[in-house]
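[1] Using only what follows, build the 3D model:
(one chain, ligands or ions: 1)
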Amino acid sequence: MIRVEELTKRYGRRTVVDHLSFTVRPGVVTGFLGPNGAGKSTTMRMIVGLDRPASGRVLIDGRRYDDLPDPSGTVGALLDAGWVRPHLTARSHLRWTASLAGAEPGRVDELLEAVGLADAAGRRVGGFSLGMRQRLGIATALLGRPRALLLDEPMNGLDPEGVRWMRHLLRRAAGESCAVLVSSHLLAEMALTADDVVVIGAGRLITQAPMRAFVERAAGAAVIVRTPEASRFAALLGRAGLDVRDGPDGDLRVRGGTAARVGGIAAAHGLVLHELRTDHGSLEDSFMEMTRDAVEYQASPPGGRAGGRR
Ligand SMILES: Nc1ncnc2c1ncn2[C@@H]1O[C@H](COP(=O)(O)OP(=O)(O)OP(=O)(O)O)[C@@H](O)[C@H]1O
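    Residues are numbered from 1 along each chain as shown. Below is the predicted model:
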């Protein structure tokens, strides 16, 4: 279990993490989400003692990182895939790290196999692609069989097979009671992988919630309906007290009533429907909705000034 308590970090006069509290439970994957610059990496670095907070604390299995009797058996972290020493081979890098961490030497070949690098074990890490470095970083994080895993953008650079492999790896770690905290901007992937979400913006907690509750609460279910008589039907639905908006391609998005109710209104007025379904919303919709006010770096719409900062 990782408990982040009122964590605050300042760089100069800027507060980049602001009284942030959340928990990462064992046995679940917690997705750590937030717009660019929200403070995710800084928080992860503070969890493993690489950055000092101005105030607040992090407890891992009840202790501060510096007080852990067996740090590498407690927390494994992949925070920056660029840190590896380029002249080492993958195997010698892992052997060196295993000796520092006190991990059994047999674990090195087992992990090279597990992360798909067995064939590249004798190659220098300097020539590795980003995805290969991520795989090596994962192997390094797993060396001590940790009870908590922290992974900052682990899917970066992975091909589709690698992304799927990562999903299974994270799920398996959680299945073995590991507390897993993973940041990613790949929201569709996070929706498949994470059980809980912690969403932050501008260094502050926006919400911590089970994934399903977060998606449904923020986006809200909508009934999507398609009919050749869209404007007549929109007026009828409006009169019935439902909230009706035009969808992107001629459909109607109806909130405030079930598909059964919408279908019933259509039948009562003899309207032909070509489509009637419920859209439960997506993690992306919820994320956009919840972080709208906390987005710091935002591009202009196409045709406008690009890459501007609000
Ligand atoms: N060493 C540093 N010195 C000064 N400012 C820093 C430093 N490291 C991070 N920051 C600032 O802290 C803020 C949070 O950065 P951080 O990298 O934690 O965000 P993030 O949520 O991980 O972003 P991204 O999704 O873009 O990776 C940013 O405004 C960043 O510029």
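[2] and residue 7, what helix or strand is that in?
    Residue 7 is part of strand 2-11, with elements assigned from DSSP states H and E.
[3] And the ligand, is that strand touching that?
    Yes. Strand 2-11 is in contact with the ligand by Cβ under 6 Å from any ligand atom, via residue 11. For every residue, glycine as well, the C-beta is placed using N, CA and C.
[4] Out of the helices and strands in this structure, which is least certain?
    helix 211-219 (a mean of 77; mean pLDDT, DSSP states H and E).
[5] need the next SSE after that helix, C-terminal direction.
    Using DSSP H and E, the first helix or strand after helix 211-219 is strand 222-226.
[6] For that following strand, which strands pair with it and how are they oriented?
    Partners of strand 222-226 in the sheet, by DSSP bridges, are strand 252-255 (antiparallel), strand 275-279 (antiparallel).
[7] give me the number of residues near residue 25?
    Residues contacting residue 25 under the criterion other Cβ atoms under 10 Å number 16.
[8] wait, doesn't it sit right on residue 1?
    Yes. Counting by Cβ atoms under 8 Å, residue 25 touches residue 1, with 6.1 Å between them.
[9] joint contacts of these two?
    The contact sets of residue 25 and residue 1 overlap at residue 179 (Cβ atoms under 8 Å, 6 or more residues apart in numbering).
[10] Show me where the stretch 51-200 of the chain has its strands.
    Assigned by DSSP state E, counting those that start in this stretch, the strands in the stretch 51-200 of the chain fall at 55-60, 75-78, 148-152, 179-183, 196-201.
[11] between the first one and strand 148-152, how many degrees?
    In this case it means strand 55-60. Interaxial angle of strand 55-60 relative to strand 148-152 (axes from the mean of the first three to the mean of the last three Cα atoms, to 10 degrees): 120 degrees.
[12] what's the angle between strand 55-60 and strand 2-11?
    Using the same axes, to 10 degrees: strand 55-60 against strand 2-11 is 150 degrees.
[13] list the helices and strands strand 55-60 packs on?
    Applying 3 or more Cβ pairs under 8 Å, 6 or more residues apart in numbering; DSSP states H and E, one finds that strand 55-60 contacts strand 2-11, strand 14-24, helix 40-47.
[14] who wins for proximity to residue 56 among these?
    Proximity to residue 56 (Cβ to Cβ) singles out strand 2-11 among the helices and strands packed on strand 55-60, at 3.7 Å.
[15] who's in contact with the closest one?
    With Cβ under 8 Å, 6+ apart as the criterion, strand 2-11 contacts 15-24, 39, 42-43, 46-47, 51, 53-60, 148, 179, 181, 203.
[16] could you check the angle helix 40-47 makes with that strand?
    Using the same axes, to 10 degrees, strand 2-11 lies at 110 degrees relative to helix 40-47.
[17] Just checking: what are the partner strands of strand 2-11?
    According to DSSP bridges, strand 2-11 has these partners: strand 14-24 (antiparallel), strand 55-60 (antiparallel).
[18] Compute the inter-axis angle for the last one and strand 179-183.
    In this case it means strand 55-60. 130 degrees.
[19] Any chance you could give me strand 55-60 in PDB, C-alpha atoms only?
    Below are the C-alpha coordinates for strand 55-60, written out as PDB (Å, rounded to 0.1, in the frame of the first residue of the first chain):
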ATOM      1  CA  SER A  55       5.800  19.300   3.000                       C
ATOM      2  CA  GLY A  56       3.700  16.100   3.300                       C
ATOM      3  CA  ARG A  57       4.900  12.600   3.200                       C
ATOM      4  CA  VAL A  58       4.600   9.200   1.500                       C
ATOM      5  CA  LEU A  59       4.300   6.000   3.400                       C
ATOM      6  CA  ILE A  60       5.000   2.700   1.600                       C
END
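[20] list the buried ones in that strand?
    56, 58, 59, 60 (16 or more other Cβ atoms under 10 Å).
[21] what do you get for stretch 273-289?
    276, 279, 281, 283, 285, 286, 287.
[22] what's the average pLDDT for that stretch?
    On average, the pLDDT along stretch 273-289 is 86.
[23] Return the distance of it from the chain's centre.
    20 Å (Cα atoms, centre = their mean, to the nearest Å).
[24] what's in contact with it?
    Contacts for stretch 273-289 (Cβ under 8 Å, 6+ apart): 33, 187-188, 190-191, 197, 199, 211, 214-228, 251, 253, 258-259, 262-263, 266.
[25] does it come close to the ligand?
    No. Counting by Cβ under 6 Å from any ligand atom, the ligand is not contacted by stretch 273-289; separation bottoms out at 12.4 Å.
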